[in-house]
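>>> Generate a structure from the sequence data that follows.
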Amino acid sequence: MPRKIPIIQLRPGMKVVKTDISWDKMPFWQSPFIVSTSEDIVRLTTCCAEVFIESEEDKINQIATSDTSCSAVISAESDARTQQQKTAVKSDGVVKEAYSGVQQEQLRTKEVRGKTANRQSLKVISASTDKSILREKITVNFAVQSYHRTLSVLKQSFDQLRMGKALQADLLESSMMPLMMSSVARPETLAIICNLKEEKNTLEQKSLDVAVLCLMFGRSLGMNKKQLQRLGMAALLHDVGMLKIPAHILKQKDTLSSAQRVHMQKHVEHSCRLMNVSEKLIPLKSIIAFHHERYDGQGYPRGIKGNRIPLEARILGLVATYEAMIRQREYAQRLSTTQALRDLYRLRNKAFDSQLTERFIKSMGVYPPGTLVQLNNGYVGMVVSVNESLPSRPCVQMVCNPDGATLDNPEPINLASKDYIKLQVAKALEPDKVPSEALQQIKDNLGIAAQAA
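A predicted model of the protein is given here:
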């Protein structure tokens, strides 16, 4: 008799004989199969919540005790992160003031929720018409320029802060509008730039990438122009207080001491103070002050939990964590997008809002835009867009053949199309696993190298 379990309990080696949706709606499997990798588990999370596994007690027990099981690895990593989060900073007047503001205005969450319940607020609002109109006006080159202009403005602003000067709110806002339009019209272009940029682990770079991801995710949640502007600005400045933290702490590879951790967590307070220079920036404090709070109350600085954390802060905290996972850090190796999404799924209802987490995973797809992939025919390509109904079958731009020879401007292929039913993604690739000529061609086509210079 098959045994029903939630996806999170799946482990490599288990045989799935049935899911909570029909086989004809499954994007990757059409019949019973054996889970072979952690990527299989992530694929399943995008389309179903529970599965039925083969009920062979000995086999299940053997898998459950396996040291190599995906869940064991995820659990250990999750426990380690949770342990690190348990030291909270005692909140001071700056953060208390921000929290008071949230209680009074509810962080404008009702604007996102409308007049419906919280769950209904997260429905995707179709914007295909708006997007198609915008795409006629917003070119790929415009999107690339908007990204690099915002990066330049952000660097200029942070340099001003380093010299003891104030943030220039008007300049930051003026760069946000083109970036916001690009995130609606050309989200795949911005995602590709974030994925293929040179490894420059600067505060400006990572803040911009968080903002891009927030804009893309916020749009998928149905946020309007005003809400996206607010979320995007908060994302650009969410960690600006890091400029006040000593460099030796920021660059330390070893585990921080308790005192150092408290010092590091003070960056939230510093960020909030820096918002006081402008009436336009003050409202951002009620997002920035809480982006390190966690759904289970194990975050900082106040240790609040659940829906007491403002919605926009929950979004920012989730997205910032994902961005950090896929970036090389001083104290941690970067994860693949698949590994990062797997870890986020494990943290739902713990560190992060379950509904937001699942919605984020679905919006990103198994292979987010900008992911380099190898198909089962040996060709290498780059994901340019996601099919939400078939997340494991994205739209892919081919870049080189199995021998590594680059291709001359081939048309993107939609793996969800019946014309390509025999093709599928075999695996995701890191940029250093793709021939350098092919990688350079992608960057040249997007003008990445020229703009960065």
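>>> Would you mind listing the outside residues contacting the helix ranked longest in the chain?
Looking across the chain with DSSP state H, the single longest helix is helix 140-162. For helix 140-162, contacts defined as C-beta atoms under 8 Å, 6 or more residues apart in numbering pick out 166-168, 171-172, 174-176, 178-179, 181-182, 185-186, 189-190, 193, 202-205, 207-208, 211-212, 236, 240, 243, 274, 446-448, 451-452. The way it works is simple: take the backbone N, C-alpha and C, and place the C-beta from them, glycine included.
>>> Mean confidence (pLDDT) on the helix or strand following it, please.
Per DSSP states H and E, helix 140-162 leads on to helix 169-185 as the next helix or strand towards the C-terminus. For helix 169-185, mean pLDDT rounds to 91.
>>> can you pull the alpha-carbon coordinates of the helix or strand just after helix 169-185 into PDB?
Using DSSP H and E, the helix or strand that follows helix 169-185 in sequence is helix 187-196. Coordinates of each C-alpha in helix 187-196 appear next as PDB, following Å, rounded to 0.1, in the frame of the first residue of the first chain:
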ATOM      1  CA  PRO A 187      13.200  40.500 -16.400                       C
ATOM      2  CA  GLU A 188      15.200  37.800 -18.100                       C
ATOM      3  CA  THR A 189      17.800  40.300 -19.200                       C
ATOM      4  CA  LEU A 190      18.400  41.700 -15.700                       C
ATOM      5  CA  ALA A 191      18.500  38.100 -14.300                       C
ATOM      6  CA  ILE A 192      21.100  37.100 -16.800                       C
ATOM      7  CA  ILE A 193      23.300  40.100 -16.000                       C
ATOM      8  CA  CYS A 194      23.100  39.200 -12.300                       C
ATOM      9  CA  ASN A 195      24.000  35.700 -13.000                       C
ATOM     10  CA  LEU A 196      26.900  36.300 -15.500                       C
END
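>>> about what we covered before: buried residues, the longest helix of the chain. List them.
For helix 140-162, the buried set under the neighbour-count rule, 16 or more other C-beta atoms under 10 Å, comprises 140, 142-148, 150-151, 153-154, 157-158, 161.
>>> can you pull out the strands in the stretch 301-450 of the chain?
372-375, 380-385, 395-400, 413-414, 425-429 (DSSP state E, counting those that start in this stretch).
>>> deepest of the ones you listed, which one?
Greatest average neighbour count among the strands of the stretch 301-450 of the chain goes to strand 380-385 (a mean of 23), per mean count of other C-beta atoms under 10 Å.
>>> tell me what it is packed against?
helix 187-196, strand 372-375, strand 395-400 (3 or more C-beta pairs under 8 Å, 6 or more residues apart in numbering; DSSP states H and E).
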